[in-house]
Structures are given as C-alpha cells and as structure tokens.
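Chemist: Okay, here's the prediction I keep looking at, along with the sequence it came from:
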Amino acid sequence: MFQSRPQTARAASALLPLFTGALLAAHATAGDVVVEATGTLVQANASGSSPFAGAMVGDPVTVHFEVFVPGMDVVPGQLTNYTIDPATSFVRIGAVTDAITGSAVGIQNDFPVADGIRVFGAPAAGGGSVALEVGESSGTLFSSTDITMQLGTWGPSTWSSFNFGLFGGGSFLEFSNPTVTISLPNVGTSYCGPAPANSSGDGAVIEAFGSAAVATNDLTLRASSLPTQSFGYFLTGRVAGFTMNPGGSQGNLCLTGTIGRFDALVQNSGSAGVIEIPVDLMALPQPNGPVAALPGETWHFQAWFRDANPMVTSNLSDGVEIVMQ
C-alpha cells in the first residue's frame with residue numbers, strides 16, 4: 001500500500017549519504033492495456049511459406065496483444081471484448097516475430113461459469129491465426145470484465161483449461177504452459193543501462209506504465225531486480241546525466257542538475273525485489289517544492305535503493321526518459 005504523505009524533494013547533494021547510515025523507517029488506466037502470454041512450443045508443423053517454418057519443439061513463445069479501452073460488452077458483466085491494436089501486437093517463436101493484424105481479446109467473468117481470457121482467430125501477417133483461450137473453472141480469478149481492474153500475472157497452474165497456438169494457413173503450431181500477464185503498456189525510453197549488478201545478481205531495471213499525458217495523470221513507476229527486503233525510492237529531474245558511484249554508491253546516477261526525490265514514498269522491495277509507486281504529474285518533487293509537468297517537457301526517473309554488494313551502501317537502476325504529452 002502506498003503512503004499518502006505529500007511528496008517532497010531535496011537538493012541532489014543531500015541524496016548522497018542516504019543509505020550509508022541507519023535503515024529507513026518504514027489505479028485504473030486511460031488508454032491501452034497489454035495482454036501477454038508466454039509458453040513453449042510443443043508441436044511444430046509450419047507451412048513452408050510461414051515465417052515460423054524453422055521453429056522447433058522447445059522454442060520459447062510470446063504472444064503479445066495491446067488492446068484498446070474501453071471494450072464492447074458481449075454479455076454485460078460476463079464477457080467484454082477489447083479490440084487488438086495491430087500496430088503493437090505480435091507473436092514470437094524463438095527469434096522470429098510476426099505481426100498480429102486484428103481480432104479482439106475477451107475477458108470473461110463467470111461466463112458461462114469459468115473466468116478467463118479468450119482470443120479467437122487473431123490473424124497473423126505470415127499466415128494462420130493465434131488462439132489464446134485460458135480458463136479458471138472456480139470463477140474466482142476476475143471480479144468483473146473491466147480489463148483495467150484485472151492487472152496481474154498468472155502461471156500455468158492457474159488454468160484448468162487452455163488452447164494456445166498458431167493454427168491454419170497450412171500450419172499447426174501448438175504452445176503449452178501459458179503464463180499470462182495483464183499490464184499497463186510501457187511508457188518512455190530506457191537509457192543509462194544496463195545498471196551495475198546489485199546483490200540480487202542482476203542490474204535493477206526501471207519501467208514506467210500508464211500514460212505520458214499530463215491531463216490523464218496516470219503514470220506508475222516500477223523498479224525490479226532489486227535485492228529482496230530492500231528500502232528504496234525514486235528520483236526525478238529534467239536533465240539526463242551520468243555520475244559513477246555517487247557518494248560511495250555502487251551504482252551510477254543517471255540524472256544531473258536539479259534532482260527531486262520521492263522520499264515520502266519510500267518502498268520495501270519485499271520478497272519479489274520490486275518497488276512501485278503512482279506518480280502525481282501535478283506535483284513532481286523538486287528541491288524548491290513540487291512542480292507540475294507540462295506537455296512537451298522531458299522528465300527522467302531512476303530508482304535508488306539500499307544494497308550490500310558486498311559492503312552495505314546503495315545502488316541504482318537504469319533510467320527512463322519520458323516526453324510528456
């Protein structure tokens with residue numbers, strides 16, 4: 001749960017000693033939503049003209065849909081279809097990717113009994129069509145058919161039934177073990193990476209989700225691949241930079257100039273090694289007080305967190321740059 005205290009900011013020089021002392025005390029979206037399923041190829045019978053003619057059993061599979069909100073009710077409260085955006089939807093088998101050119105993603109809630117996700121015959125540009133039908137028979141997975149309220153990730157053991165593959169056009173490519181994620185689309189451009197490894201063994205990655213539109217004011221920051229049970233928060237500024245090991249940190253600072261910090265929203269990474277906050281674009285922290293982002297401005301964000309790798313100090317993620325709209 002996010003803390004509700006107002007966001008505050010301090011000068012960049014005050015950031016440096018943050019994690020060298022004692023431990024710190026302790027969204028609906030407007031726009032597109034991503035539905036992504038990953039799995040494994042278990043039957044490979046592609047036509048000679050298919051872009052996947054060389055696919056082999058065991059290849060990793062990703063099916064990525066980006067859908068438009070709001071959807072269209074088929075059965076109110078039980079089945080809603082969301083139109084697929086062909087500009088950003090694709091199927092990938094191994095290293096080969098093909099565009100998905102249409103159709104819709106259906107979210108079912110107690111329809112007729114089970115909850116689940118249904119995609120019938122989403123055509124692929126290179127031939128055949130993608131099917132993704134996963135069902136959870138107890139009917140407890142979803143509380144409604146509003147896709148913006150069903151964000152999450154569900155592994156293969158969730159599904160009591162599934163139909164997952166690329167079929168038709170002379171091809172039969174069956175996928176198995178679907179893990180399905182419903183999430184907000186990424187916003188902005190990553191830079192200043194990869195981040196140096198932290199004590200998790202990986203470099204921390206920052207992502208932004210939601211919308212870059214100031215009027216929408218629906219932006220979320222998430223940093224992953226952090227050490228578990230680590231305290232951290234996010235930084236922001238208008239100017240990108242690069243400073244190695246600021247203040248004895250084991251990471252790199254990807255901001256310069258006037259830097260604000262979301263220090264009223266300190267998070268613990270928990271067992272997943274993730275911190276996440278909602279961002280109020282009307283009150284971005286800066287040393288002289290919160291400021292509102294303006295359309296056309298570029299803002300940069302980064303996560304700073306406690307680390308022990310091997311000494312107890314701090315580390316940082318890569319950066320994400322967002323042009324506000």
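Modeler: Yes, it's here.

Chemist: Let's see the pLDDT reported for residue 96.
Modeler: Reading off the confidence values, residue 96 has pLDDT 94.

Chemist: is it true that it touches residue 51?
Modeler: Yes: in this structure, residue 96 is within contact of residue 51 by C-beta atoms under 8 Å, at 5.4 Å. For glycine as for every other residue, the C-beta is placed from the backbone atoms N, C-alpha and C.

Chemist: Quick check on the nearest residue to residue 197 once chain neighbours are set aside: phi, psi?
Modeler: With C-beta to C-beta, 6 or more residues apart in numbering as the criterion, residue 197 has its nearest non-adjacent residue at 5.5 Å, and that residue is residue 203. Main-chain dihedrals, residue 203, degrees, to the nearest 10: phi -80, psi 140.

Chemist: show me the contacts for residue 203.
Modeler: Residues near residue 203 by C-beta atoms under 8 Å, 6 or more residues apart in numbering: 193-197, 225, 317-318.

Chemist: what do you get for residue 301?
Modeler: Listed by C-beta under 8 Å, 6+ apart, the contact set of residue 301 reads 188, 206, 208, 221, 234-236, 319-320, 322.

Chemist: how about those in JSON lines, adding pLDDT and secondary structure?
Modeler: Output for the contacts of residue 301, formatted as JSON lines (pLDDT from 0 to 100; DSSP: H, G, I helix; E, B strand; the rest coil):
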{"residue": "188", "pLDDT": "91", "secondary structure": "coil"}
{"residue": "206", "pLDDT": "93", "secondary structure": "strand"}
{"residue": "208", "pLDDT": "91", "secondary structure": "strand"}
{"residue": "221", "pLDDT": "92", "secondary structure": "strand"}
{"residue": "234", "pLDDT": "97", "secondary structure": "strand"}
{"residue": "235", "pLDDT": "97", "secondary structure": "strand"}
{"residue": "236", "pLDDT": "97", "secondary structure": "strand"}
{"residue": "319", "pLDDT": "96", "secondary structure": "strand"}
{"residue": "320", "pLDDT": "96", "secondary structure": "strand"}
{"residue": "322", "pLDDT": "96", "secondary structure": "strand"}
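
Chemist: who does the lowest-mean-pLDDT helix or strand in the chain touch, helix- and strand-wise?
Modeler: None of the helices or strands of the chain scores lower by mean pLDDT, DSSP states H and E than strand 186-187, at a mean of 84. Where contact means 3 or more C-beta pairs under 8 Å, 6 or more residues apart in numbering; DSSP states H and E, strand 186-187 is packed against strand 205-210.

Chemist: Mind giving me the packing neighbours of the strand it packs on?
Modeler: strand 186-187, strand 189-191, strand 219-224, strand 298-308, strand 312-323.

Chemist: can you rerun that using 7 Å?
Modeler: If you count contacts as 3 or more C-beta pairs under 7 Å, 6 or more residues apart in numbering; DSSP states H and E, strand 205-210 packs onto strand 186-187, strand 219-224, strand 298-308, strand 312-323.

Chemist: Out of those strands, the one nearest residue 61 is which?
Modeler: Nearest to residue 61 among the helices and strands packed on strand 205-210 is strand 186-187 (20.4 Å), distances taken as C-beta to C-beta.

Chemist: Identify all contacting residues around that closest one.
Modeler: With C-beta atoms under 7 Å, 6 or more residues apart in numbering as the test, strand 186-187 has contacts from 207-212, 219, 322.

Chemist: Let's see if you can find the most crowded of the residues you listed.
Modeler: residue 219 (27 neighbours; other C-beta atoms under 10 Å).

Chemist: From residue 204, how far out is it?
Modeler: The gap separating residue 219 from residue 204 is 19 Å, by C-beta to C-beta, to the nearest Å.

Chemist: the helices in this protein, which residues?
Modeler: Using DSSP state H, the chain contains no helices.

Chemist: where are the low-confidence patches of it?
Modeler: Across the chain, the ranges flagged by pLDDT under 70 are 1-31.

Chemist: And residue 241, how close does it get to residue 300?
Modeler: Taken as C-beta to C-beta, the span from residue 241 to residue 300 is 8 Å.

Chemist: what's the answer for residue 52, then?
Modeler: 39 Å.

Chemist: Give me the more crowded residue out of the two.
Modeler: Counted by other C-beta under 10 Å, residue 52 and residue 300 do not tie: residue 52 has more neighbours, with 27 against 24.

Chemist: Determine the number of other residues adjacent to the nearest residue to the more buried one once chain neighbours are set aside.
Modeler: Once flanking residues are discounted, residue 52 sits nearest to residue 46: 4.6 Å by C-beta to C-beta, 6+ apart. Residue 46: 23 surrounding residues under other C-beta under 10 Å.
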